[in-house]
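> have a look; sequence and predicted model below, questions after that.
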Amino acid sequence: MENLESILKQHPFFEGLLDKHIEFIVGCASNARFKTGEFLFREGQEANHFYLIREGTVNLEIYSPQKGAITIQTLDEGEIVGWSWIISPYQWRFDARSVDMTRLIALDGKCLRDKCNEDPELGFELLKRFSPIIEQRLVATKIQLLDLYGKDD
Amino acid sequence: MEKTIETNRKTNGQYDPLITHPYTVKRVINETHDTFTLHLGPTNGRNTIFPFTAGQFNMLYMYGIGEIPISISGDPSKPEQLVHTTRAVGTVTKAMRGLKKGHSIGVRGPYGNGWPLDNLEGKDVVFIAGGIGLAPLRSAMYQVLANRDSYGKVVLLYGTRTPIDILFRKELERWKSRFDLDVYVTVDRAIGTWRGYVGVVTILVSRAPYDPRNTVALVCGPEVMMRFSIMELKKRGVKSEHIYLSMERNMKCGVGHCGHCQLGPTFVCKDGPVYRYDEIDYLLDIREV
Ligand SMILES: Cc1cc2nc3c(=O)[nH]c(=O)nc-3n(C[C@H](O)[C@H](O)[C@H](O)COP(=O)(O)OP(=O)(O)OC[C@H]3O[C@@H](n4cnc5c(N)ncnc54)[C@H](O)[C@@H]3O)c2cc1C
Ligand code: FES
C-alpha cells in the first residue's frame, strides 16, 4: 500500500488532495494487470472502476457489427481510463482493451461513489479532476469529426 | 564544374523576384494516394541553386494552368536538390500530380522567412505537424538532426487522417528508431491493421516528454489543428513567445506586392509564413476574404 500511496500522491491527477482523501482513495486502490488484447471493460457493463495506466497502452473502442472494433482513442502511460463510474447510470460507453501487457492501478469506483455521497468535498475534488479529462476528450472528438486533413480542410 | 550559386533574386544586378526559372522533374515519389514529392533540377543547364531556409516556400508554376506556393520539404544543407511535397487538392496541384520524370515546371523563390532554428540552442524542440504540415517541418527536422547536440529533447508529434495518409513513412520509421528522438504518430481514424496511436495530435501535445519551461514548439497544419495544439501547449506551460506556427493564405505575387496574402498588418509571403504566436494570436480568428 505504501507503494500505491506514493504513486498516487505523485500523480498530477491527485495533486493537491487532502491527506485524508488520498488515504481513503489508497484504500480503494489495487494493482491490476491485463494481457495483450484483454478487455478492461466492455460497453454496457456496470462501471465500477477507473484506472491509472502505469505501463502499457489501452485502446478505447466501439464495436460495430459491420466494421468490427473501431479504435477511437489510444491511452498511454500516466493516463486515466474511464469516467463512467462517476456519471449516472454508471455504465461503460466504450470497450477498453489492452494493446500490450498493461499494468494499472484500479480504483474502486463503487466505494468512491459512496464516499463522495458522504463527503461532498471529496466528490467535488474528484469531479474537478475528471471534468478536464472529459472536456479534453470531447474536444478531441469534435476535432476528429471535423476531419481536418480531409479534402476540404 | 564549379557551381554558380544564384539566389534568384538578382537579374543583371537588379532585384527581380518575379523571374520564373524552368526546372525539370528529376524524380517523383508517390507518398500517399493524394500526396507526392517532386525532386527538381534546373533545366537551362546553368546550376541555378536555391539556398533556402527551412520553412521557406517557392512559387511553382504549371505552365498554362497556374502558380501556387509550396514549401520546400528538402534538406537545407543540400540546396542542389530542390524538393517539394504537395497534396493534390485543386486545379494546379492535381495537374502537378500528373508530372513525370523529364517534365518541366516553373520555379521562383525562395520566399518567406522560415523557422527560427538558429536561436534554439539548448532548448527542447517540439515539432507538431498535422497532415501535409509535415512537409515544411521536414526541412527543419533535417537541420535540427544535423546539429542534434545543440538541442535538448527533440520530439515530433504527427497527426494525420488514417494510416494510409502517413507521409514520409520510411523516414519516420528511421527517426523512430533513433534514441535521441521521440517520434509519435497518431491517426484520427484507425483502419486496417494499424497498431499505433489513435486520436488527434492535440492529445499527444499534452502527454509528450518535453520540459515546457525550456521548450520551443514549431507547429504546422490546418489552422484549427494549430489553434487547439497551441491551447494544449499553453496548458502545459509553454510560453506564447516560444511557439511558432506556419500560416497559409492565398497568394499571387509571393513577394509583398499584391496584398493577396494579407494577415492583419502583415503579408504572409513576406513577413511569414512563420510567425511567433504571441505576435499574431489576435489575428488567428480572421477569416480569409
Ligand atoms: C506558404 C505556403 C506554403 C504551402 N506549402 C504547401 C506544401 O508544402 N504542400 C502542399 O500541398 N500545399 C502547400 N500549400 C497550399 C497550396 O498552396 C494549395 O494547396 C494550393 O495553392 C491549391 O491550389 P490548387 O489550384 O490545386 O487548388 P484550388 O483549385 O485553388 O482549390 C481547390 C480546392 O482546394 C482547396 N484548397 C485550396 N488551398 C488549400 C490549402 N492550402 N489546403 C487545403 N485545401 C486547399 C480549396 O478550398 C478548394 O476546395 C502552401 C500554401 C502556402 C500559402
Ligand atoms: S502574395 Fe502578394 S503580397 Fe503576398
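Good, I have the coordinates. Ligands and ions are numbered 1, 2, ... in the order given.
> name the SS class of residue 59, please.
Since no chain was named, I'll use chain A. With DSSP: H, G, I helix; E, B strand; the rest coil as the basis, A:Asn59 sits in strand.
> pLDDT score for it?
In this model, A:Asn59 is scored at 94, pLDDT.
> distance of it from A:Ser98?
8 Å (Cβ to Cβ, to the nearest Å). From N, CA and C alone the C-beta is placed, and that goes for glycine too.
> neighbour count: those two, which is higher?
A:Asn59 (24 against 21; other Cβ atoms under 10 Å in any protein chain shown).
> and that one, what are its bridge partners?
A:Asn59 forms beta bridges with A:Thr74, A:Arg97, as assigned by DSSP bridges.
> ok, B:Thr35 next?
Going by DSSP bridges, B:Thr35 forms beta bridges with B:Arg87.
> can you give me the end-to-end span of stretch B:59-78?
19 Å (Cα to Cα, to the nearest Å).
> can you point out the buried residues in that stretch?
Going by neighbour count (16 or more other Cβ atoms under 10 Å in any protein chain shown), the buried part of stretch B:59-78 is B:59-62, B:67-76.
> for A:Thr141, what are its contacts?
Applying Cβ atoms under 8 Å, 6 or more residues apart in numbering or on different chains to A:Thr141 gives the contacts A:Ile72.
> separation between it and A:Phe13?
Distance from A:Thr141 to A:Phe13, by Cβ to Cβ: 21 Å.
> all helices for chain A, in order.
A:2-10, A:19-27, A:109-118, A:120-146 (DSSP state H).
> switch the ones you listed over to TSV; also include distance to B:Ala95 and mean pLDDT.
Listed next are the helices of chain A as TSV, based on distance: least, Cβ to Cβ, whole Å; pLDDT from 0 to 100:
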stretch	distance to B:Ala95	mean pLDDT
helix A:2-10	57	83
helix A:19-27	62	92
helix A:109-118	58	91
helix A:120-146	28	90
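> for ligand 2, find the nearest of the ones you listed.
helix A:120-146 (27.3 Å; Cβ to the nearest ligand atom).
> got the angle for the closest one vs helix A:109-118?
Computed by axes from the mean of the first three to the mean of the last three Cα atoms, to 10 degrees, the angle separating helix A:120-146 from helix A:109-118 equals 120 degrees.
> from the buried residues of stretch B:59-78, which single one is nearest ligand 2?
Distances from ligand 2 to the buried residues of stretch B:59-78, taken by Cβ to the nearest ligand atom, are shortest for B:Pro69, at 7.9 Å.
> any idea what that closest one is bridged to?
Note on B:Pro69: beta-bridge partners B:Met59, judged by DSSP bridges.
> correct me, but it touches B:Gln56?
No - here B:Pro69 lies out of contact with B:Gln56, judged by Cβ atoms under 8 Å, at a distance of 10.1 Å.
> anything in contact with each of those two?
Common neighbours of B:Pro69 and B:Gln56 (Cβ under 8 Å, 6+ apart) are B:Tyr111.
> tell me how far the residue lying closest to A:Asp95 once chain neighbours are set aside lies from A:Thr36.
Distances taken as Cβ to Cβ, 6 or more residues apart in numbering or on different chains place A:Glu61 nearest to A:Asp95, at 4.4 Å, with adjacent residues excluded. Going from A:Glu61 to A:Thr36 by Cβ to Cβ gives 14 Å.
> got the contact list for stretch B:180-196?
Contact partners of stretch B:180-196, identified using Cβ under 8 Å, 6+ apart, comprise A:70-71, A:74, A:99, A:143-144, A:147-149, B:145, B:148, B:153-166, B:172, B:175-176, B:197-201, B:203-204, B:208-209.
> can you give me the buried ones in it?
Quick answer for stretch B:180-196 (16+ other Cβ under 10 Å): B:Leu181, B:Asp182, B:Val183, B:Tyr184, B:Val185, B:Thr186, B:Val187, B:Asp188, B:Arg189, B:Ala190, B:Trp194.
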